[in-house]
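**Q** need coordinates for the below:
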Amino acid sequence: MDILLAVSAFNSLSQRMHAELSDLGHRVDVVLASHCPDAVRAAVCEFRPELIIAPMLRTALPEDVWREHTCLIVHPGPPGDRGPASLDWAIAEEAPRWGVTVLQAEAAMDAGDIWATEPFTVSPVGKSDLYRNEVSDAASVAVLEAVRRYAEGSYKPRPQSDPAIDVVWRDFFRQERRRIDWEQDSTRTVLRKLRGADSQPGVLDELLGREVFLHGGYPEDRLRGQPGDLLATRAGAVCRATRDGAVWIPELRPRKTSGDPAPFRRPAVSVLAGFLDPSGATPTGTGPGASSLSLPEDPAPLELPAERGTWTDIRYRQHGDIGFLAFSFPSGAMSTDHCIRLLAAYRYALARPTSVLVLDGGRDFFSNGIHLNVIEAAADPAGESWANINAMDDLVEAVLRTTDRLVVAAVGGNAAAGGLMLALAADQVWCRAGAVLNPHYRRMGLYGSEFWTYTLPRRVGARAAHQLTDEALPVSAARAARIGLVDRLVPVAAQEFTAEIESMAAELAHTPDLRRRIAAKAAARRADEEVRPLAEYRRGELARMRATFFDREAEYHALRSAFVRKLPGHSARPLTLLAGEPR
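**A** Model prediction:
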């Protein structure tokens with residue numbers, strides 16, 4: 001079937017739908033619908049789709065389109081739920097169960113007939129994590145069911161006028177509802193508000209006399225202070241006191257009206273540092289936290305005791321002969337600092353007596369490579385790009401040169417570009433069945449590094465590697481397993497991923513021929529080094545990257561800025577057409 005995806009952004013869910021529908025043999029095209037109604041009309045006229053699906057849409061489809069064509073809207077709410085902020089309300093009201101509903105488009109928002117619905121359990125995580133995992137899994141089931149029913153031609157969708165459906169309108173979830181009262185709100189309430197807006201839109205607040213949006217929130221078990229005060233920093237995050245405890249906030253986003261030239265999300269400490277003049281004083285008087293400008297760094301040990309209830313983005317734990325190096329960075333982006341700290345942790349893990357080392361990316365993003373937000377905010381973006389890619393290469397090279405144990409990459413969430421190449425550097429890649437992989441750099445105008453010219457062809461062959469990087473399209477976990485991009489699919493729910501990985505790692509560690517496999521791995525690395533040293537792969541890739549980074553006219557700079565600042569895309573053409581463009 002010819003299917004057109006109409007999306008406001010080619011986000012994680014849209015990519016998953018594209019990949020999974022393509023796997024089923026459908027011809028899938030994409031149109032960015034946020035530019036103007038004519039973009040959708042033009043795409044419909046050109047491709048004449050049999051079905052239009054909107055996995056993620058912020059604006060209404062043109063009336064003439066949905067009247068003349070069957071258009072299915074993916075709504076992240078149960079049957080009868082209507083409105084633009086369904087997940088926000090689910091988290092705010094602490095709903096234990098929620099759902100995804102596939103509706104037929106009509107004039108009233110979310111009021112169309114129901115083609116499919118799938119419930120899910122609401123895990124106690126941030127909204128973006130919930131969206132990329134439980135919501136995405138439910139949406140996949142519901143969309144594929146709706147497509148099957150539409151293709152069969154005999155199914156009659158269920159009208160929402162059915163008396164068994166309770167219709168509830170949920171309006172925009174405005175900042176007034178999100179606002180934190182640091183004097184009165186409990187830590188639990190503060191965390192719920194922060195998690196309900198972790199990615200977008202953030203919680204509007206004030207720090208050092210400036211309006212900022214707070215992104216992400218995690219509990220702190222020991223630090224205490226006056227409600228609202230900043231207490232400490234850790235790995236770029238800040239700790240802030242609540243009425244009965246404290247929370248860690250990893251990222252801030254200056255409000256656009258604050259005068260900050262970089263009004264987008266980035267590590268909290270770097271944003272606060274930008275609010276200070278060279279003398280160390282706040283430029284606009286006082287505000288919450290202004291009495292604590294020189295905040296102490298409160299590092300967490302890599303091997304955090306089990307009884308601790310605090311936040312850290314890198315942890316190490318060991319179960320007998322197996323080491324687990326866990327890491328989780330906001331949006332999967334890895335800055336120069338992230339890479340340096342993770343490499344230090346990796347070296348620490350290598351000093352431990354294990355035969356299996358698991359790179360545990362957790363349930364959300366594994367990694368998306370270099371940190372474009374930090375780069376965009378840097379005084380010298382080209383220089384920071386160069387530092388960041390070299391730090392990523394150092395980390396990946398360390399994994400590739402590990403020959404005394406087996407390294408497993410546990411990919412629980414999506415991975416892209418250099419972040420996926422980090423996983424491919426491991427001996428085994430275990431991937432949760434719902435993950436989406438993007439083994440390419442092209443959409444950001446980059447050639448790529450992280451030894452992809454070695455690891456990608458080694459896994460899938462030269463021809464497939466060229467196709468993956470040239471088409472620059474998302475790959476489902478199932479297809480990745482078929483072509484050898486990953487070694488094992490892990491068909492479990494997101495909340496079960498870590499436990500399943502621990503069980504699989506234990507099985508691997510007790511394999512009778514483990515020592516033989518480690519020895520064979522070391523021999524293969526020596527043989528590959530003789531054919532072409534890793535240093536040559538790195539040198540060739542970085543030469544291409546450096547030329548792009550330091551070329552002011554390179555497309556990368558404009559694409560990066562548009563991505564970070566969430567500006568409209570440079571083209572409303574279906575994304576699949578990019579494959580036909582010259583590189």
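**Q** local confidence estimate at residue 34?
**A** On the pLDDT scale, residue 34 is placed at 73.
**Q** give the contact list for it.
**A** Counting by CB atoms under 8 Å, 6 or more residues apart in numbering, residue 34 makes contact with 8-9, 58-59, 568. (Each C-beta comes from the backbone N, C-alpha and C, glycine too.)
**Q** can you do 6 Å?
**A** Contacts for residue 34 (CB atoms under 6 Å, 6 or more residues apart in numbering) come out as 8, 59.
**Q** what are the buried residues along the helix or strand hosting residue 139?
**A** If you go by DSSP states H and E, residue 139 is part of helix 136-152. Buried residues in helix 136-152, defined by neighbour count with 16 or more other CB atoms under 10 Å: 136-147, 149-150.
**Q** same question for stretch 72-92.
**A** Across stretch 72-92, burial judged by 16+ other CB under 10 Å covers 72-83, 85-92.
**Q** strands - which of these land there?
**A** 72-75, 81-82 (DSSP state E).
**Q** columns pLDDT and distance to residue 530 on top of the buried residues of helix 136-152, output as a markdown table?
**A** Formatted as a markdown table, the buried residues of helix 136-152 follow (pLDDT from 0 to 100; distance: CB to CB, whole Å):
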| residue | pLDDT | distance to residue 530 |
| --- | --- | --- |
| 136 | 98 | 44 |
| 137 | 98 | 45 |
| 138 | 98 | 50 |
| 139 | 98 | 48 |
| 140 | 98 | 45 |
| 141 | 98 | 49 |
| 142 | 98 | 52 |
| 143 | 98 | 49 |
| 144 | 98 | 48 |
| 145 | 98 | 53 |
| 146 | 98 | 54 |
| 147 | 98 | 51 |
| 149 | 98 | 57 |
| 150 | 98 | 56 |
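**Q** nearest to residue 164, of the residues you listed?
**A** Top of the list for closeness to residue 164, among the buried residues of helix 136-152 and by CB to CB, is residue 142 at 18.3 Å.
**Q** look up how far residue 153 lies from that closest one.
**A** Remark: distance between residue 142 and residue 153 (CB to CB, to the nearest Å) = 19 Å.
**Q** picking that back up, what is the nearest of the ones in strands among the buried residues of stretch 72-92 to residue 338?
**A** Nearest member of those to residue 338, counting by CB to CB, is residue 74, at 32.4 Å.
**Q** chain neighbours aside, what residue packs nearest to that closest one?
**A** residue 55 (4.7 Å; CB to CB, 6 or more residues apart in numbering).
**Q** in the chain, what helix or strand scores lowest on average pLDDT?
**A** helix 37-47 (a mean of 92; mean pLDDT, DSSP states H and E).
**Q** now do that one: which elements does it pack against?
**A** Here helix 37-47 touches strand 27-32, going by 3 or more CB pairs under 6 Å, 6 or more residues apart in numbering; DSSP states H and E.
**Q** and the strand it packs on, how far out from the chain's middle?
**A** How far strand 27-32 lies from its chain's middle: 22 Å, per CA atoms, centre = their mean, to the nearest Å.
**Q** which secondary structure elements does that strand sit against?
**A** Using 3+ CB pairs under 6 Å, 6+ apart: strand 27-32 touches strand 2-7, helix 12-23, helix 37-47.
**Q** which ones are touching residue 468?
**A** residue 439.
**Q** from residue 21, how far out is it?
**A** 18 Å.
**Q** so which of the buried residues of helix 136-152 is the closest to residue 377?
**A** Nearest to residue 377 among those, counting by CB to CB, is residue 136 at 29.3 Å.
**Q** per-residue confidence at the residue lying closest to the closest one once chain neighbours are set aside?
**A** Once flanking residues are discounted, residue 136 sits nearest to residue 13: 5.4 Å by CB to CB, 6+ apart. Here the pLDDT value assigned to residue 13 is 97.
**Q** neighbours around residue 13, how many?
**A** 23 (other CB atoms under 10 Å).
**Q** quick one: contacts for it?
**A** 55-56, 136, 139.
**Q** among those residues, which one sits closest to residue 190?
**A** Closest to residue 190, out of all of these and judged by CB to CB, is residue 136, at 26.9 Å.
**Q** about what we covered before: direction included, what does the helix or strand just after the helix holding residue 139 pair against?
**A** Moving toward the C-terminus from helix 136-152, the next helix or strand (DSSP H and E) is strand 168-169. Note on strand 168-169: by DSSP bridges, its sheet partners are strand 81-82 (parallel).
**Q** what lies in contact with the strand it pairs with?
**A** Contacts for strand 81-82 (CB under 6 Å, 6+ apart): 110, 168-169.
**Q** longest helix of the protein?
**A** helix 381-400 (DSSP state H).
**Q** I'd like the next helix or strand past that one.
**A** Following helix 381-400 toward the C-terminus (DSSP H and E): strand 406-411.
**Q** and that next one with helix 381-400, angle?
**A** If you take axes from the mean of the first three to the mean of the last three CA atoms, to 10 degrees, strand 406-411 sits at 130 degrees to helix 381-400.
**Q** now do the helices in the stretch 101-250 of the chain.
**A** Shown for the stretch 101-250 of the chain, the helices assigned by DSSP state H, counting those that start in this stretch span residues 127-130, 136-152, 175-178, 187-195.
**Q** quick one on the thing from earlier: buried sites along the least confident helix or strand of the chain?
**A** 39-40, 43-44, 47.
**Q** now the angle from that helix to strand 71-75?
**A** In this structure, helix 37-47 runs at an angle of 130 degrees to strand 71-75, with the same axes, to 10 degrees as the basis.
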